[in-house]
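> let me see the structure of the following:
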Amino acid sequence: MSVKTVWVVTREVNDYNQHGDYFDKIVFSKKPTVIQLAEAFKKMKIEPYFNDFTSTLIFFGKLAEGGGRQDSEDTWYYLEEVELL
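From the prediction side, this is the model:
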């Protein structure tokens, strides 16, 4: 029997209150492309704050590779493969 996995996007908030990880209901059956990630964020009305198109491309490119904090922002995203039980 093969192990079934999905790809999940989580959000982490790190400010004075030290929030933990949040699940924003973004799940893929296989590893998503940059375009699929951008479309999912748009569909969920999640708008990371960017100043320009290049920053947006960098964000989704980094997220497609696993994500994480990029600069000094308080909120960042991760893409992880998760095994289903």
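> which regions of the chain sit below the pLDDT cut-off?
Along the chain, the parts satisfying pLDDT under 70 run over 1, 16-19, 49.
> all strands of it, in order?
Using DSSP state E, the strands of the chain run over 5-13, 21-28, 75-83.
> so which elements touch the first one?
Strand 5-13 makes packing contacts with strand 21-28, strand 75-83 when contacts are defined by 3 or more Cβ pairs under 8 Å, 6 or more residues apart in numbering; DSSP states H and E. Placement of C-beta: from N, CA and C, glycine included.
> parallel or antiparallel, list what pairs with it.
Each strand paired with strand 5-13, and its direction, by DSSP bridges: strand 21-28 (antiparallel), strand 75-83 (antiparallel).
> give me whichever of these is most buried.
Ranked by mean neighbour count under mean count of other Cβ atoms under 10 Å, the strands paired with strand 5-13 are led by strand 75-83, which reaches a mean of 15.
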